[in-house]
Each structure stands twice: as structure tokens, then as C-alpha cells.
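J.: my questions concern the predicted model and sequence given below.
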Amino acid sequence: MTSQPHIGIVGAGLAGRTLAWRLLRAGCRVTLFDARPRDDLATASQTAAAMLSPLAELAVSDEVVFALGQRSMQLWPRWIDELETAGAGRVYFRREGTLVVAHAPDQASLEHFTRLLQHKLPAASRAQIYTLDAAGVARHEPALAGRFGEGLFLDGEGQLANDQLLASLARAIDALGGQWYEGVAVERVEAHRVVCKDQSHAVDVAVDARGVGSHAQWPAGNPLRGVRGEVLRVECAGVSLQRPVRLMHPRYQLYVAPRPDHQFVVGATELESEDTGPVTVRSMLELGSALHSLHPGFGEARVLRMSAALRPALDDHRPVVEARSGVWHINGLYRHGYLCAPALVDDLARHILQPGHVPDAERAEAHEVHS
Ligand SMILES: Cc1cc2nc3c(=O)[nH]c(=O)nc-3n(C[C@H](O)[C@H](O)[C@H](O)COP(=O)(O)OP(=O)(O)OC[C@H]3O[C@@H](n4cnc5c(N)ncnc54)[C@H](O)[C@@H]3O)c2cc1C
């Protein structure tokens, strides 16, 4: 490999874009390929609520995701600061915790959720979750005063504005001289080669970060699938929340994540389906009525957008960074992409940058960073 290795990254979603930026900063030459324009809203990365919830997500994940999330919570503020210092634009990032509430008939769901987290959390992190009485709920979220008899507070959780982050990363990549093929569908990613319909590009290291787009490159024994998720984005000047609020429900969990300019992301459905069609009426009603039940002021919210996308998931729901046949894969970020990406990308960048890194088949098969 030359002193300035050329890295070809296929997929400019959260994983590919973040990796490209880190490698460019480290002095690599980087070429990004994506089938869509950089601002296309149909990807998982653009659709996500981008909550950073290592504690709440432990209910549906495991210690691997938790540890990646804890590490990433340290990296995000540093990385966002680096982007802002480099003049790539502001990124809304908050770390004010998460409030979990339930209406009286659904109290058992909240109690079960609390016990589950207490059971799964490492002892050192248990103090980060604590119950609130009605006054505590009102103190944390004045808009919800009198609406909930109790709540659960998850200290240290956060969120960011993914649209701002993705735009900021794009500006940083441009400023560092990254080459970006937009609207170019890649047919195959091979060792040292990215193969498009009309052209083949030689690279020193090839990385496949196509999310569900790399479906065909996953072995039958460890298939990659898409899990459909739908969100609403609303604008509501009449209700103010300081932090993401999760509403427990026996059939689905709703979250409302506040964003700048009185906007909120309301999500998310989780459907075992690879349908990429628009949001259904059923999902719109479920998300909308749960939002309204959180606070009636949301009845006057304006719906700005309804989006659906596929979360790339492996059967064990863990993200993976691994090399197969000379190609690095970063995938399976499922519902934890924003939560885990910095730690995953940091590890992958280190592997690629280590002196003498040779991504040939035999050497690469030996590496499996996360699974
Ligand atoms: C509704 C919803 C809510 C979510 N909420 C959260 C949350 O609150 N917190 C959290 O941590 N995570 C959340 N996630 C998960 C998170 O969004 C994903 O884990 C993450 O965005 C996956 O990023 P990615 O880069 O791997 O994939 P993607 O975002 O899918 O990016 C893959 C890229 O590859 C490109 N591509 C595909 N095929 C090709 C091809 N053949 N050639 C070239 N390019 C190709 C695509 O155009 C795309 O740009 C949510 C996801 C959804 C859908």
C-alpha cells in the first residue's frame, strides 16, 4: 500500500460517510460511491430519529450494543466539535437523558421495562436509571405536568439531528478532497475493486457500507435483512420538550424526539418487512394517536413529513465490522446505527490505518472486529 492509501467506500449513509471523514482526516485518499444523491431522504440514515439510547435500547439488545453505545457517547461530542471547528456546520446534539412514561392502564408495561433494564444493566450503570413521581415528571418536562403519575428517567442518554450531521459530514468530506460518485449504483465490491455498471475502479482497500443494499453479499448462514421503520416529522410550537420522551404501550413503543425549530420526530414502527413504500394509514394513525395521547397540544402539530426506510439487520441484531474475501463490511446497524457508529467506525479506521494493513483474502479472513 502507498503512503496515502486509496480507500473505496460503497454506501454514503451514516456508516460510509463517517468512515470516509475519519479516513480523510487521517490522510487517506477516499472515494465514496452511492446509488443516491447525498441528500436523498429514503435511506435509514436520513429517516432515523437518531436517539442515542444505550440504556433504553438494552431492553431489546445486549451487552455488545450497550458497550459500543457507551463508547460512542464519549466520541460523538468530540467528533461533532471537530466538525464544527472545521467549519462544516452546526450539529444539534443534546445529552439531557430520556424520560419514559406510560398512561395508567399501561403502567405494567413501564414496570416491566424498568425491571428488565435493572436486570440487564451492568451494576455500575444501574444508578443511571431512576423512577420519578408525578412531581419529578413535571420537574423534568413541565409540558407533561399532571399527565403522568410516574416515570422512569434514563440519565446521560442523548440525541442528535441526523440531517444536520449528514450534511455536515458531506461538507467536511468535500473540504478534505474526498471524491464522491452520487447516483452511481455499485454492482459488486471486490478485493481492491469497486465494480459499477460501466466502469470498474481500482482501490487499495474496499469497504462495503451499503446497508440493505449489500443483501446479496451476505452468506446464507448469516443473512442480512431489512426491517421497516416509519416516522413522522411534525412541527408544533405549542408543546415544548427538553429531551426524548418514550411512551410505553403494550403493542408498540412511541418516542418523541425534539429537534430545533419546534420540530419533533415521532417514531417508530418496526415491521418485519422489506417494503419500501410510503407510510401506511395504519402506522400514521398509530403514531399520530399515541403522539396526541402524550399531550393534546400535539393535535395542532403540522405534519411535515412521513418517512419509511429499512434498517439493515442481522439475525442476532448486533452490528458487525468484518473482512471477507478482502472486503471490509460494516453493516447490521439495525436500530442502533447512531448509537454505535462512532465506536464501530473508529475500530474499522484503526484496522485500515494500521501499518502494513493488507486486505487480501487470507489476511482479512482473520479479522472480525465486532460480531
Ligand atoms: C425509522 C428509523 C428510526 C431509527 N432510529 C434510530 C435511532 O433513534 N437511533 C439509532 O441509533 N438508530 C436509529 N435507526 C437506525 C439507523 O438509522 C441505521 O442503523 C443506520 O442509519 C444505518 O446506516 P448505514 O449507513 O449502515 O445504512 P444506510 O443508511 O441504509 O446507508 C446505506 C447507503 O448505501 C447506499 N447503497 C445501497 N445500495 C447501493 C449500491 N448498490 N450502490 C451504491 N450505493 C448503495 C444507499 O443509497 C445508502 O445511502 C433508525 C432507523 C430507522 C429506519
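T.: On my side now, so go ahead.
J.: how far does stretch 197-215 sit from the chain's center?
T.: 21 Å (CA atoms, centre = their mean, to the nearest Å).
J.: which of the residues in that stretch are buried?
T.: 201, 203-215 (16 or more other CB atoms under 10 Å). Placement of C-beta: from N, CA and C, glycine included.
J.: with stretch 158-167 instead?
T.: For stretch 158-167, a neighbour-count test (16+ other CB under 10 Å) marks 158-167 as buried.
J.: can you check stretch 250-260 too?
T.: So stretch 250-260, judged by 16+ other CB under 10 Å, has buried residues 253-259.
J.: can I get those in a markdown table including pLDDT?
T.: Supplementary listing: the buried residues of stretch 250-260 in a markdown table, determined by pLDDT from 0 to 100:
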| residue | pLDDT |
| --- | --- |
| 253 | 78 |
| 254 | 91 |
| 255 | 96 |
| 256 | 97 |
| 257 | 97 |
| 258 | 96 |
| 259 | 96 |
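J.: what about those, which are in strands?
T.: In strands, judged by DSSP state E, the following of the buried residues of stretch 250-260 are found: 254-259.
J.: which of the residues you listed sits closest to residue 316?
T.: Set against residue 316, the nearest of these by CB to CB is residue 255 (23.6 Å).
J.: tell me which residue in the stretch 151-300 of the chain sits closest to the ligand.
T.: Closest residue of the stretch 151-300 of the chain to the ligand, CB to the nearest ligand atom: residue 213 (2.1 Å).
J.: so what's that residue up against?
T.: Shown in contact with residue 213 (CB atoms under 8 Å, 6 or more residues apart in numbering): 11, 35.
J.: quick one: it from residue 230, how far?
T.: Distance, residue 213 to residue 230, by CB to CB, to the nearest Å: 20 Å.
J.: residue 224 too?
T.: 20 Å.
J.: now do residue 120
T.: As defined by CB to CB, residue 120 lies at a distance of 27 Å from residue 230.
J.: test for you: state the pLDDT assigned to the closest residue in space to residue 280 that isn't next to it in sequence.
T.: Using CB to CB, 6 or more residues apart in numbering and skipping residues adjacent in sequence, the residue nearest residue 280 is residue 230, 7.5 Å away. Residue 230 is assigned 97 on the pLDDT scale.
J.: chain center to whichever strand or helix holds residue 230, what's the gap?
T.: In this assignment (DSSP states H and E), residue 230 forms part of strand 225-235. Strand 225-235 has its C-alpha centroid displaced from the chain centroid by 12 Å (CA atoms, centre = their mean).
J.: in contact with residue 5, which residues?
T.: 28-29, 204-205, 352, 357.
J.: distance of residue 191 from residue 230?
T.: From residue 191 to residue 230 the distance is 38 Å (CB to CB).
J.: would you mark the buried spots in stretch 278-290?
T.: Quick answer for stretch 278-290 (16+ other CB under 10 Å): 279-280, 283-284, 286-288, 290.
J.: list the contacts of the spatially closest residue to residue 241 that is not a sequence neighbour.
T.: Once flanking residues are discounted, residue 241 sits nearest to residue 258: 4.5 Å by CB to CB, 6+ apart. By CB under 8 Å, 6+ apart, residue 258 lies in contact with 240-244, 264.
J.: same thing with residue 61?
T.: Taking CB under 8 Å, 6+ apart as the test, what residue 61 contacts is 317-318, 336.
J.: mind checking pLDDT for it?
T.: The predicted structure scores residue 61 at 95 on the pLDDT scale.
J.: coming back round to it: can you tell me which of the contacts of residue 5 are in strands?
T.: Among those, the members that lie in strands (by DSSP E) are 29, 205.
J.: how about the contacts of residue 5, which pair is most distant?
T.: For those, with distances taken as CB to CB, the pair at the greatest spread is 29 and 357 (14.6 Å).
J.: could you find the closest non-adjacent residue to the residue of the stretch 251-371 of the chain at minimum distance from the ligand?
T.: Nearest residue of the stretch 251-371 of the chain to the ligand (CB to the nearest ligand atom) works out as residue 337 at 2.3 Å. Of all residues not flanking residue 337 in the chain, residue 14 sits nearest, at 5.2 Å (CB to CB, 6+ apart).
J.: before we move on, the earlier item: residue 83 versus the residue nearest to residue 280, what's the distance?
T.: 29 Å.
J.: ok, the two, which is more surrounded?
T.: More neighbours surround residue 230 than the other of residue 230 and residue 83, with 23 against 20 (other CB atoms under 10 Å).
J.: follow-up on the earlier one: what subset of the buried residues of stretch 250-260 is also close to the ligand?
T.: Among those, not one lies near the ligand by CB under 6 Å from any ligand atom.
J.: between the residues you listed, which is nearest residue 342?
T.: residue 257 (18.7 Å).
J.: my read is that that closest one contacts residue 263, right?
T.: No: using CB atoms under 8 Å, residue 257 is not in contact with residue 263; the gap is 9.4 Å.
J.: quick check: the farthest pair among the buried residues of stretch 278-290?
T.: Distance extremes for these: the farthest pair is 280 and 290 at 15.1 Å, using CB to CB.
J.: do I have it right that residue 210 meets residue 186?
T.: Yes: Residue 210 is within contact range of residue 186, at 7.3 Å (criterion: CB under 8 Å).
J.: touching both of these two, which residues are there?
T.: residue 10.
J.: quick check: residue 138 touching residue 150?
T.: No: between residue 138 and residue 150 there is no contact under CB under 8 Å: 11.2 Å.
J.: common neighbours of these two, please.
T.: Common neighbours of residue 138 and residue 150 (CB under 8 Å, 6+ apart) do not exist.
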